[in-house]
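Colleague: Show me how the following folds:
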Amino acid sequence: MTTQSNTPAGWYPDPHGAPQTLRYWDGVQWTQHTNPDQQQAAPQMPQQQAGPDAGVQRQVQQQAGVAAGGPGGGSLFSEPVLVVNQKAKLIELTNEYKVMDQNGNQLGSVVQVGQSALKKILRFVASIDQFLTHKLEIRDAYGQPVLLLTRPAKFLKSRVIVQRPDGSPVGEIVQQNMIGKINFAMNVNGQQVGAIKAENWRAWNFVIVDHTESEVARITKTWEGLAKTMFTTADNYVLQIHHQLPEPLLSLVVATALTVDTALKQDSRGLG
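Modeller: The predicted model follows:
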């Protein structure tokens with residue numbers, strides 16, 4: 001791999017030649033974080049379908065209103081459109097999402113981690129999600145973590161901490177208001193680099209702007225179907241990034257697509 005600034009963040013074979021070792025590239029430079037390959041083989045990409053997924057294309061083009069575009073770079077950080085579909089469950093005890101490109105090719109996943117058995121029991125018997133700390137891993141197509149999200153227990157306003165897999169900070173996504181259309185600030189080292197602004201009071205659709213208030217991305221909730229809406233907790237979103245963004249804004253925007261559901265949707269359908 002060439003170490004150019006436009007190479008997306010992710011896990012790559014160790015550039016120093018260490019055997020059976022992956023090293024994390026943060027989008028700018030190599031980090032000290034390595035991940036030994038315990039299976040004695042390079043991780044495999046998930047098998048993709050032979051052609052475009054008509055259901056995903058309909059979700060993007062008809063429901064989200066995003067025009068069909070050319071191919072992107074094939075990763076979470078280089079595709080102009082990310083489709084985020086939550087795994088349908090009758091009872092939601094663990095948040096899980098599948099992340100695809102606009103044609104339905106899987107680019108990665110999001111998995112909730114660090115839940116104890118007691119926490120799962122509490123989620124089953126009571127609607128108290130907003131009062132619990134949630135941790136999520138955004139994983140690439142190889143199953144390797146690329147971003148870590150932590151939403152501390154919420155009292156009045158949400159805050160999501162975004163980190164690299166080696167623990168180095170990316171920034172924070174912080175709720176700004178409680179009344180009216182919800183807004184979040186994206187902060188890096190105490191400075192605001194962007195914002196997430198709901199377009200309606202139910203917080204289904206969001207505009208993402210940079211520090212100059214220019215729109216750089218948009219999140220649109222898409223209808224998951226009558227059966228899923230009535231009987232499951234599944235939520236589906238389309239993230240459209242208008243142009244290539246610099247880091248760390250890009251990582252915060254990608255993290256936002258998952259943060260929206262974790263930080264807000266638990267309140268929009270009740271206390272949980």
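Colleague: What residues does Ile248 make contact with?
Modeller: Slight slip there: residue 248 is Pro, not Ile. By CB atoms under 8 Å, 6 or more residues apart in numbering, the contact list for Pro248 reads 170-171, 188, 193. Glycine gets a C-beta too; all of them are placed from N, C-alpha and C.
Colleague: if we go to 6 Å?
Modeller: 170-171, 188 (CB atoms under 6 Å, 6 or more residues apart in numbering).
Colleague: Then Pro246?
Modeller: Contact analysis of Pro246 by CB under 6 Å, 6+ apart lists nothing.
Colleague: quick check, nearest of the contacts of Pro248 to Asn200?
Modeller: Nearest to Asn200 among those is Gly171, at 25.8 Å by CB to CB.
Colleague: Give the buried residues for stretch 206-226.
Modeller: By 16 or more other CB atoms under 10 Å, the buried positions in stretch 206-226 come out as 206, 208, 210, 216-222, 224.
Colleague: What are the boundaries of the helices in the stretch 151-272 of the chain?
Modeller: Defined through DSSP state H, counting those that start in this stretch, the helices belonging to the stretch 151-272 of the chain, from first to last, are 226-231, 249-260, 266-268.
Colleague: Could you tell me the least trusted of the ones you listed?
Modeller: Note on these: helix 226-231 shows the lowest mean pLDDT, a mean of 37.
Colleague: picking up where we left off before, so of the buried residues of stretch 206-226, which ones are in strands?
Modeller: Among those, the subset assigned to strands under DSSP state E consists of 206, 208, 210, 216-222.
Colleague: ok so, going back, among the contacts of Pro248, which are located in strands?
Modeller: Filtering these for strands - DSSP E - leaves 170-171, 188.
Colleague: which of those lies closest to Gly143?
Modeller: Val170 (20.4 Å).
Colleague: residues touching that closest one, list them.
Modeller: By CB under 6 Å, 6+ apart, the residues touching Val170 are 162-163, 248, 251.
Colleague: Pull the most distant pair out of these.
Modeller: Gln163 and Pro248 (10.8 Å).
Colleague: quick one on the thing from earlier: which one of the contacts of Val170 is nearest to Ser78?
Modeller: Nearest to Ser78 among those: Ser251, at 12.3 Å, using CB to CB.
Colleague: quick one: contacts for the closest one?
Modeller: Going by CB under 6 Å, 6+ apart, Ser251 touches Val170.
Colleague: what's the answer for the one 3 residues further on, then?
Modeller: Shown in contact with Val254 (CB under 6 Å, 6+ apart): Leu76.
Colleague: Kindly report the same for Gln240.
Modeller: By CB under 6 Å, 6+ apart, Gln240 lies in contact with 66, 81, 218.
Colleague: Measure how buried the second one is and give me the count.
Modeller: Taking other CB atoms under 10 Å as the criterion, the count of residues near Val81 is 21.
Colleague: In this structure it contacts Gln102, no?
Modeller: Yes - between Val81 and Gln102 there is a contact under CB atoms under 6 Å: 4.1 Å.
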